[in-house]
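A.B. asks: I would like to see how this sequence folds:
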Amino acid sequence: MSGVLQVALAGDALGDYIFGLDPQLLVDSAITILAMMALFVLLSYLLFNPARDLLARRQEGIRVQMETAAKEKQDAIAFKAEYDEKLKNVDKEADEILGEARKKALKKETEIVSEAKEEAVRILDRANREVDLEKDKVKDELKQEIISVATVMAGKIVASSLDENKQSQLIADTLKEMGDETWLS
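C.D. replies: Residues are numbered from 1 along each chain as shown. Prediction:
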C-alpha cells in the first residue's frame with residue numbers, strides 16, 4: 001500500500017501545477033539546454049567547421065576547374081580559328097604546289113622538245129653528210145665511167161686512124177659535154 005499511497009500523494013502534488021512544471025524540471029531543462037548548446041558548439045568545431053572547410057575547398061576546386069575549363073575553351077576556340085586559317089591556307093598551298101608542278105611540267109616539256117629538236121638537227125646533219133658522201137661517191141663513179149668511155153673512144157679513134165685535128169676536135173667536144181665542173185671537183 002505504501003506504493004499506492006505515494007502515487008496518490010504525487011497526484012496531489014501534480015495537481016497544483018498547470019503543466020507539471022516544478023523547479024527541478026526547469027533546472028533539468030536549463031542544464032539540458034546548456035549541455036545541448038555546449039554540444040552544438042563543440043560539434044560545430046568538430047563537425048561543422050571541417051564540413052565548411054571541405055565545402056570551401058570543394059568550391060575552390062570547382063572554381064579552379066571552371067576557370068581551367070573556360071581557359072581551355074578559349075584555347076580550343078583559338079586552335080579552331082588557327083585550324084580554320086590553316087585549312088584556308090591549305091587550298092592556297094595546294095594551288096601553289098599545283099602551279100609549281102605545272103611549271104616543272106612545262107619546263108620538262110620544253111627540255112624534251114628542245115632535246116628532240118637537237119636530235120632532229122643531228123639526224124638531218126648526219127643525213128646531209130651521208131647524202132654528200134653519196135654524191136661524192138656517185139661523182140667518183142661518174143668520173144671513172146667517163147674515163148673508161150674516153151679510153152674506149154680513144155681506142156676507137158686510134159683504131160680508125162683519124163688525123164690529129166679530128167682527134168682534138170672529138171676530145172674538145174667531149175670535154176664541153178662533160179663540163180669543167182666535173183673535172184674540177
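
A.B. asks: Could you use CA atoms for every contact and neighbour count after this?
C.D. replies: Fine.

A.B. asks: Quick check: which element contains residue 20?
C.D. replies: Residue 20 belongs to no helix or strand when assigned by DSSP states H and E.

A.B. asks: Quick check, pLDDT for it.
C.D. replies: pLDDT, residue 20: 70.

A.B. asks: Give the burial count for residue 142, as a bare number.
C.D. replies: 13 (other Cα atoms under 10 Å).

A.B. asks: Can you read off the pLDDT for it?
C.D. replies: At residue 142, pLDDT is 86.

A.B. asks: got it, and the one 5 residues further on?
C.D. replies: With respect to pLDDT, residue 147 has a value of 82.

A.B. asks: How about residue 32?
C.D. replies: 96.

A.B. asks: Can you report how many residues lie near residue 57?
C.D. replies: 12.

A.B. asks: what about the helices in the protein?
C.D. replies: Along the chain, counting by DSSP state H, helices occupy 2-14, 23-43, 49-160, 164-178, 180-184.

A.B. asks: May I have stretch 36-43 exported as PDB, CA atoms only?
C.D. replies: Output in PDB follows, covering the C-alpha atoms of stretch 36-43 (Å, rounded to 0.1, in the frame of the first residue of the first chain):
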ATOM      1  CA  MET A  36      22.900  20.900 -25.900                       C
ATOM      2  CA  MET A  37      24.400  24.300 -26.700                       C
ATOM      3  CA  ALA A  38      27.800  23.200 -25.400                       C
ATOM      4  CA  LEU A  39      27.400  20.100 -27.500                       C
ATOM      5  CA  PHE A  40      26.400  22.200 -30.500                       C
ATOM      6  CA  VAL A  41      29.400  24.500 -30.100                       C
ATOM      7  CA  LEU A  42      31.700  21.500 -29.700                       C
ATOM      8  CA  LEU A  43      30.100  19.700 -32.600                       C
END
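
A.B. asks: Check the offset of it from the chain's centre.
C.D. replies: 73 Å (Cα atoms, centre = their mean, to the nearest Å).

A.B. asks: Near residue 50, how many other residues are there?
C.D. replies: 12.

A.B. asks: Quick check, pLDDT for it.
C.D. replies: Reported pLDDT for residue 50: 79.

A.B. asks: same question, residue 15
C.D. replies: At residue 15, the pLDDT value in this model is 50.
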